[in-house]
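Enquirer: build me a structure from this.
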Amino acid sequence: MDLTPYVDTLRRELAVAAEAGGDDARRLAERLTAPLESATRLTMLNVLSAAMDEITRELAPGSVDVRLRGLDPEFVVTLPPVDGGALVEPAGSVEPY
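Expert: From the prediction side, this is the model:
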(Lines give C-alpha, C1' and ligand atoms only; values in the text may rest on other atoms or scores of the structure.)
Protein backbone atom coordinates (compact mmCIF):
# COMPACT_ATOMS: atom_id res chain seq x y z
CA MET A 1 0.00 0.00 0.00
CA ASP A 2 1.56 3.24 -1.12
CA LEU A 3 1.00 5.93 1.51
CA THR A 4 2.41 8.70 -0.69
CA PRO A 5 -0.93 9.82 -2.21
CA TYR A 6 -2.37 10.26 1.28
CA VAL A 7 0.66 12.19 2.50
CA ASP A 8 0.53 14.37 -0.65
CA THR A 9 -3.17 15.10 -0.07
CA LEU A 10 -2.45 16.19 3.50
CA ARG A 11 0.41 18.39 2.24
CA ARG A 12 -1.92 20.07 -0.29
CA GLU A 13 -4.62 20.59 2.32
CA LEU A 14 -2.08 22.16 4.67
CA ALA A 15 -0.92 24.49 1.88
CA VAL A 16 -4.51 25.54 1.13
CA ALA A 17 -5.19 26.21 4.82
CA ALA A 18 -1.94 28.18 5.12
CA GLU A 19 -2.81 30.36 2.12
CA ALA A 20 -5.80 31.66 4.07
CA GLY A 21 -3.42 32.79 6.83
CA GLY A 22 -1.23 34.92 4.58
CA ASP A 23 2.46 34.84 3.69
CA ASP A 24 3.76 34.10 7.19
CA ALA A 25 1.46 31.11 7.57
CA ARG A 26 2.37 29.85 4.09
CA ARG A 27 6.11 30.04 4.85
CA LEU A 28 5.59 28.25 8.16
CA ALA A 29 3.59 25.51 6.45
CA GLU A 30 6.37 25.06 3.88
CA ARG A 31 8.95 24.65 6.66
CA LEU A 32 6.78 22.15 8.52
CA THR A 33 5.96 19.97 5.51
CA ALA A 34 9.06 17.73 5.62
CA PRO A 35 8.95 16.93 9.37
CA LEU A 36 5.19 16.39 9.18
CA GLU A 37 5.59 13.82 6.40
CA SER A 38 7.40 11.41 8.74
CA ALA A 39 4.89 11.99 11.52
CA THR A 40 2.00 11.48 9.10
CA ARG A 41 3.39 8.18 7.83
CA LEU A 42 3.95 6.93 11.38
CA THR A 43 0.42 7.92 12.39
CA MET A 44 -1.06 6.15 9.36
CA LEU A 45 0.94 3.01 10.20
CA ASN A 46 -0.46 3.15 13.74
CA VAL A 47 -4.00 3.42 12.34
CA LEU A 48 -3.41 0.47 9.98
CA SER A 49 -2.02 -1.57 12.87
CA ALA A 50 -5.06 -0.81 15.03
CA ALA A 51 -7.39 -1.73 12.15
CA MET A 52 -5.44 -4.96 11.62
CA ASP A 53 -5.94 -5.85 15.30
CA GLU A 54 -9.71 -5.31 15.03
CA ILE A 55 -9.98 -7.35 11.82
CA THR A 56 -7.88 -10.16 13.31
CA ARG A 57 -10.19 -10.34 16.33
CA GLU A 58 -13.17 -10.76 14.00
CA LEU A 59 -11.35 -13.22 11.73
CA ALA A 60 -9.92 -15.43 14.52
CA PRO A 61 -8.50 -18.00 14.29
CA GLY A 62 -7.34 -16.42 11.03
CA SER A 63 -5.28 -13.27 11.13
CA VAL A 64 -4.19 -10.15 9.30
CA ASP A 65 -0.66 -8.82 9.68
CA VAL A 66 0.84 -5.56 8.47
CA ARG A 67 4.40 -5.80 7.17
CA LEU A 68 6.65 -3.02 6.01
CA ARG A 69 8.39 -3.26 2.67
CA GLY A 70 10.59 -0.18 2.70
CA LEU A 71 8.23 2.62 3.67
CA ASP A 72 5.15 0.87 2.31
CA PRO A 73 2.92 -1.37 4.42
CA GLU A 74 1.35 -4.51 3.02
CA PHE A 75 -1.31 -6.75 4.49
CA VAL A 76 -0.78 -10.48 4.87
CA VAL A 77 -3.97 -12.47 5.38
CA THR A 78 -4.00 -15.93 6.97
CA LEU A 79 -7.41 -17.47 6.49
CA PRO A 80 -9.00 -19.49 9.30
CA PRO A 81 -8.94 -23.29 8.98
CA VAL A 82 -11.98 -25.06 7.54
CA ASP A 83 -13.21 -28.66 7.85
CA GLY A 84 -10.74 -30.68 9.86
CA GLY A 85 -8.35 -27.87 10.69
CA ALA A 86 -6.53 -27.63 7.35
CA LEU A 87 -5.61 -24.10 6.46
CA VAL A 88 -7.12 -22.76 3.28
CA GLU A 89 -4.57 -21.02 1.10
CA PRO A 90 -5.92 -18.10 -0.92
CA ALA A 91 -5.73 -18.47 -4.68
CA GLY A 92 -2.58 -16.72 -5.84
CA SER A 93 -0.58 -14.40 -3.66
CA VAL A 94 -2.17 -11.92 -1.34
CA GLU A 95 -1.62 -8.49 -2.84
CA PRO A 96 -0.90 -5.54 -0.58
CA TYR A 97 -3.82 -3.12 -0.26
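Enquirer: where in this protein is pLDDT low?
Expert: 84-97 (pLDDT under 70).
Enquirer: which stretches of it form helices?
Expert: 4-20, 23-59 (DSSP state H).
Enquirer: Serialize those helices to CSV and add fields for distance to D65 and mean neighbour count.
Expert: Quick note: C-beta positions are derived from backbone N, CA and C, even for glycine. Shown next, in CSV, are these (distance: least, Cβ to Cβ, whole Å; neighbours: other Cβ atoms under 10 Å):
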stretch, distance to D65, mean neighbour count
helix 4-20, 21, 13
helix 23-59, 7, 13
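Enquirer: any chance of these in TSV, plus distance to L71?
Expert: Listed next are the helices of the chain as TSV, based on distance: least, Cβ to Cβ, whole Å:
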stretch	distance to L71
helix 4-20	8
helix 23-59	7
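Enquirer: which among the ones you listed is found nearest to V82?
Expert: helix 23-59 (12.8 Å; Cβ to Cβ).
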